[in-house]
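[1] A predicted structure for the sequence below; I have some questions about it.
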Amino acid sequence: MGYPHKPHPRETLVLSEHFGDSDARTYDGWVKRGGYRALEQALGMEPQAVIDEVKASGLRGRGGAGFPAGVKWDFMPKQKSKRHYLCCNADESEPGTFKDREIMRWTPHALIEGCAIAAHAIRAEVVYVYIRGEFTEAIAVMQQALDEAYAKGVLGRKALGSGTSIDMYIHRGAGAYICGEETALMNSIEGKRGNPRIRPPFPAAVGVFGMPTTINNVETLGSVPHIMTRGAEWYKSLSLSSPKSTGTKLMSVCGHVARPGNFEITMGFPMKDLIYDLCGGMSPGRTLKAVIPGGSSVPVLDREEAENCVLDYEGCVAAGTMLGSGGMIVFDDTADMVYQMMRIAKFYAHESCAQCTQCREGTAWTVRILQKILSGRGEMQDLDLLLDVGEMMTGKTICVLSDSCAAPVGSAVQKFRGEFEAYIKGARQPAVALV
Amino acid sequence: MHDASTHESVFDGKRRARLDEIMKRYPTKQAALLPALWMVQEAHGWVSDQAMAEVADVLELTPAYVKGVVTFYTMYHQHPVGKYFIQVCTTTPCNICGAEGVVEAFLQHTGCGELGATSKDGRYTVVEVECLGACGFATPVLVNDDFIENVTSETVPDLLERYR
């Protein structure tokens, strides 16, 4: 539902059905709502059968990359010679994204159940739920739910009385966006700085503690119990754009809309309807200027592109951007795109782990160029320089943090060039003082 | 505030038992580093060099290694902070909804004057942070462990009444 609002009739409530209902947080409340039946069912199946069902559902990773979840699980070694691990990525830090937080706050047992099913499928004995350090409430709710799940025998040596052993622990982050990158997250669990690792080897071969590991996003894992009980066909049938993008997606919408919040839509839903209908459109008298649809790391859409964009993986690519995490930042005509791009670049400069030169230097350089423009001292060639630096930051580093800075900035320079030129030509008052 | 020269041990008695319990979750002692640092901060309010040395000793790491990890993560304080540590999100989604005004209001009403500085009475420290992951509830603010949503520059004085 459009938490904190009432569900909108055009939403499809699967993951968000119980958002805002505190009774669903408890073990008893969860069981009353049909909880843990999916786990019981999965534990009675061969791990491969669980993988096959998730594969057939077409569920794709909801953290941003959109990689098919079942295929990822299938990469895990079939002959088990080492410990296997599952990591749940709850390091939600992508600007514009706040969906995993609501899943954990309102339906912690849904996540525990999804994690347990995935652990069974990939034959992992241990699950680490890596939650960002700032999510104090989510951590407390999840810990309470985990304690209950242990007390009720859902977890532990004989999960739900089966022969499967599943242990699950929360690992609290400590303030680092980069730890949402899968291998940085694993380093962070190991007690290291959160530096991403060079791949290959991939986590399914060498993951956390050097062991085969699968890592999935909270929303991905939260979708799994529904696929188990209602079936892959049902999940596919929800989508308007099946079979490529299936199921529902929690869209976090923020910025200049009348009703910001989380809205659960089916894949293939029009962005225009999400903004103007579900979110109530812009404030009175304001018009839509731009949307960054997938968290701040993807190219910006102008008004026309946004109003014609279809919300699924392919639709966003066709519009020249990406669905990413589904964190939509909406800008109205009052937004200063130059200033906001500087603010986005500042985010990436702050969060760069600084391993790779292109990222460490490129993000900081981007900020400096944008501040120069905002101070009124920019030159026209600075716009080419921004694009040039962005090009050097794309596809050249260990992880995609650097690319994620270049994508919104580069697209904004191209689509809102007039705003940048206005600062350069002195048609706009300087917005910052150059230090 | 704590005097760095008289370091009180963190890991004895109950806390040591809690850390031993946490260590069982991982195949290496090193993996308990982030949890151990959280326990230090909970006990002392910040992570001093002496505390880093103690953590290193308990987890069989070097103090330099521990410091390398502490300095990577922004949530570990490397110096004492005010009784109430106030983190205001100013990343783009909150920024376009007035977050910089919220920061100004906090600086003004706490008497901190500038970011990162502690007020004279030792009560407050205000910092800007990058995305707190609650963009639909702009502006989110963390006061110690309290996560507060929908803060505006107008609601700051009332909010501070709860933290005296």
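    Everything's here; your move.

[2] Let's see the helix or strand harbouring B:E21 as PDB, backbone CA atoms only.
    B:E21 belongs to helix B:14-23 when assigned by DSSP states H and E. Coordinates of each C-alpha in helix B:14-23 appear next as PDB, following Å, rounded to 0.1, in the frame of the first residue of the first chain:
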ATOM      1  CA  LYS B  14      28.700  -8.800  31.000                       C
ATOM      2  CA  ARG B  15      29.900  -7.000  27.800                       C
ATOM      3  CA  ARG B  16      32.700  -9.600  27.400                       C
ATOM      4  CA  ALA B  17      30.100 -12.300  27.600                       C
ATOM      5  CA  ARG B  18      28.000 -10.600  25.100                       C
ATOM      6  CA  LEU B  19      30.900 -10.200  22.700                       C
ATOM      7  CA  ASP B  20      31.800 -13.900  23.100                       C
ATOM      8  CA  GLU B  21      28.200 -14.700  22.200                       C
ATOM      9  CA  ILE B  22      28.400 -12.500  19.100                       C
ATOM     10  CA  MET B  23      31.700 -14.100  18.100                       C
END
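
[3] List the buried residues of that helix.
    B:R15, B:L19, B:I22, B:M23 (16 or more other Cβ atoms under 10 Å in any protein chain shown). From N, CA and C alone the C-beta is placed, and that goes for glycine too.

[4] Could you verify my assumption that B:D146 touches A:T136?
    Yes. Counting by Cβ atoms under 8 Å, A:T136 is a contact partner of B:D146 at 7.4 Å.

[5] Is the longest strand seen in chain A positioned near chain B?
    Secondary structure assigned by DSSP state E gives strand A:248-255 as the longest strand of chain A. Yes. Strand A:248-255 comes into contact with chain B (Cβ under 8 Å from any Cβ of the partner chain), by way of A:S252, A:V253, A:C254, A:G255.

[6] can you check stretch A:183-197 too?
    Yes. On the criterion Cβ under 8 Å from any Cβ, stretch A:183-197 is in touch with chain B at A:S188, A:I189, A:E190, A:G191, A:K192, A:R193, A:G194.

[7] Quick one: which of these is the most crowded by neighbours?
    A:S188 (31 neighbours; other Cβ atoms under 10 Å in any protein chain shown).

[8] Which element, helix or strand, includes that one?
    helix A:182-189.

[9] Could you list the residues in contact with that helix?
    For helix A:182-189, contacts defined as Cβ atoms under 8 Å, 6 or more residues apart in numbering or on different chains pick out A:87, A:89, A:91, A:128, A:130, A:171, A:173, A:176, A:178-179, A:193-197, A:199, A:203, A:207-208, A:213, A:215, A:353, A:399, B:26, B:31, B:34.

[10] Show only the entries of those found in helices.
    Using DSSP state H, the members of those that fall in helices are B:L34.

[11] Which of the contacts of helix A:182-189 fall within strands?
    Those of the contacts of helix A:182-189 lying in strands (DSSP E): A:C87, A:N89, A:Y128, A:Y130, A:H171, A:T213, A:I215.

[12] near chain B too, which of those?
    Okay, of the ones in strands among the contacts of helix A:182-189 touching chain B (Cβ under 8 Å from any Cβ), that's A:H171.

[13] For B:T91, state which of the ones in strands among the contacts of helix A:182-189 is nearest.
    Nearest to B:T91 out of the ones in strands among the contacts of helix A:182-189 is A:N89 (Cβ to Cβ; 19.6 Å).

[14] Setting aside sequence neighbours, what's the nearest residue to the closest one?
    Among residues not flanking A:N89 along the chain, A:N217 sits closest, at 5.1 Å (Cβ to Cβ, 6 or more residues apart in numbering or on different chains).

[15] doesn't A:C309 make contact with A:L323?
    No. At 9.5 Å, A:L323 and A:C309 do not qualify as touching, with contact defined as Cβ under 8 Å.

[16] Mutual contacts of those two, please.
    A:P293, A:G315, A:C316.

[17] what stretches of chain B score poorly on pLDDT?
    Scanning chain B for pLDDT under 70 picks out B:1-5.

[18] Spell out the residue ranges of the strands in it.
    Under the criterion DSSP E, chain B carries strands at the ranges B:84-89, B:124-129, B:141-143, B:146-148.

[19] B:E60 contacts B:T28, correct?
    No. The pair B:E60 / B:T28 is not scored as a contact, 9.6 Å apart, by Cβ under 8 Å.

[20] for chain A, what are the low-confidence residue spans?
    A:1-2, A:435.

[21] Select the longest helix from it.
    helix A:357-374.

[22] following that one, which helix or strand comes up?
    Past helix A:357-374, the next helix or strand by DSSP H and E is helix A:381-392.

[23] Touching that next one from outside, list them.
    In contact with helix A:381-392 (Cβ under 8 Å, 6+ apart) are residues A:358, A:362, A:365-366, A:369-370, A:372-373, A:405-407, A:409-410, A:413-414, A:417, A:420-421, A:424.

[24] go again using 10 Å as the cut-off
    Helix A:381-392 has contacts (Cβ atoms under 10 Å, 6 or more residues apart in numbering or on different chains) with A:341, A:345, A:357-358, A:361-363, A:365-366, A:368-370, A:372-373, A:378-379, A:402-403, A:405-414, A:417, A:420-421, A:423-424.

[25] mind listing the helices for chain B?
    With DSSP H as the criterion, chain B has helices spanning B:14-23, B:33-44, B:49-59, B:63-70, B:92-95, B:99-110, B:156-161.

[26] For chain A, find the nearest of those.
    helix B:33-44 (3.4 Å; Cβ to the nearest Cβ).

[27] and the angle for the closest one with helix A:182-189?
    Calculated by axes from the mean of the first three to the mean of the last three Cα atoms, to 10 degrees, helix B:33-44 forms an angle of 50 degrees with helix A:182-189.

[28] Now do the buried residues in helix B:33-44.
    Neighbour-count burial for helix B:33-44 flags B:L33, B:L34, B:P35, B:A36, B:L37, B:W38, B:M39, B:V40, B:Q41, B:A43, B:H44 (criterion: 16+ other Cβ under 10 Å).

[29] Can you report phi and psi for A:R62?
    phi -90, psi 0 (degrees, to the nearest 10).

[30] separation between it and chain B?
    Distance check for A:R62 against chain B: by Cβ to the nearest Cβ, to the nearest Å, it reads 15 Å.

[31] just A:T12 next, same as before
    19 Å.

[32] dump the residue contacts of that residue.
    A:T12 neighbours (Cβ under 10 Å, 6+ apart): A:L238, A:S239, A:G247, A:T248, A:K249, A:F263, A:E264, A:I265, A:T266, A:M267, A:F269.

[33] Let me have those residues in JSON lines, adding distance to A:C279 and secondary structure as columns.
    Listed next are these as JSON lines, based on distance: Cβ to Cβ, whole Å; DSSP: H, G, I helix; E, B strand; the rest coil:
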{"residue": "A:L238", "distance to A:C279": "21", "secondary structure": "coil"}
{"residue": "A:S239", "distance to A:C279": "21", "secondary structure": "coil"}
{"residue": "A:G247", "distance to A:C279": "21", "secondary structure": "coil"}
{"residue": "A:T248", "distance to A:C279": "17", "secondary structure": "strand"}
{"residue": "A:K249", "distance to A:C279": "15", "secondary structure": "strand"}
{"residue": "A:F263", "distance to A:C279": "7", "secondary structure": "strand"}
{"residue": "A:E264", "distance to A:C279": "13", "secondary structure": "strand"}
{"residue": "A:I265", "distance to A:C279": "11", "secondary structure": "strand"}
{"residue": "A:T266", "distance to A:C279": "16", "secondary structure": "strand"}
{"residue": "A:M267", "distance to A:C279": "18", "secondary structure": "coil"}
{"residue": "A:F269", "distance to A:C279": "12", "secondary structure": "strand"}
